[in-house]
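1. Return a 3D structure for these sequence lines:
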Amino acid sequence: MWYGVARTETRMNRRLQAMSIEHSPTKRTVSGRSIHVATYDHDIREHSPQVKTASSMNALLGAWLIITPWVLDFAATSGAMAWNNIIVGVAVLACGWSRVRGPHVRVGLSWTNVALGAWTVLSPLVF
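-> Purely as a prediction, here's the structure:
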């Protein structure tokens, strides 16, 4: 595996040199081996506002799921569906808020939101 990584980095360095673009890799130690890894701090800072905006919208949609049983007046008629909306809404709100607070720390929560969204779409067929 390390051979493939080194080979890919060598190809990338050759391409960058051919394009006369400077490449400044950072030396890091992984599992006792010293490797060169490109820094992606600039990309992370660049995408933080987008991640925070999307996560804020997820948190708002989670709050909407929590209050829909009363706003759409189905809390009394369909108790199971109301509880489903409340539980899923709390989970979506928590995932969204966690991503707002740490946009690049809890990346897996986005996939949790995808699963919760799929469940929200399919749950009316179940209840």
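2. The helix ranked longest in the chain - contacts with which helices or strands?
-> Longest helix of the chain, by residue count under DSSP state H: helix 41-71. When contacts are defined as 3 or more CB pairs under 8 Å, 6 or more residues apart in numbering; DSSP states H and E, helix 41-71 packs onto helix 79-101. No exception for glycine: its C-beta is placed from N, CA and C like everyone else's.
3. Going by neighbour count, list what's buried in the helix it packs on.
-> Under the neighbour-count criterion of 16 or more other CB atoms under 10 Å, helix 79-101 has 81-82, 84-86, 88-89, 91-93, 95-100 buried.
4. Check stretch 58-69 too.
-> Asn58, Ala59, Leu61, Gly62, Ala63, Leu65, Ile66, Thr68, Pro69.
5. pLDDT of that stretch, averaged?
-> Mean pLDDT, stretch 58-69: 96.
6. residues making contact with that stretch?
-> 74-75, 81-82, 85-86, 88-97, 99-100, 113, 120 (CB atoms under 8 Å, 6 or more residues apart in numbering).
7. circling back: any idea which of the buried residues of helix 79-101 is closest to Pro49?
-> Distance to Pro49, by CB to CB, is smallest for Val100 among the buried residues of helix 79-101, at 11.1 Å.
8. quick one, what contacts that closest one?
-> Contacts of Val100 (CB under 8 Å, 6+ apart): Lys52, Ser55, Ser56, Ala59.
9. Now tabulate those residues in CSV and tack on distance to His104.
-> Rendered in CSV, the data for the contacts of Val100 read as follows (distance: CB to CB, whole Å):
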residue, distance to His104
Lys52, 10
Ser55, 11
Ser56, 15
Ala59, 17
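10. And the buried ones among these, selectable in ChimeraX?
-> Selection command for ChimeraX covering only the buried members of those, criterion 16+ other CB under 10 Å:
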select :55,59
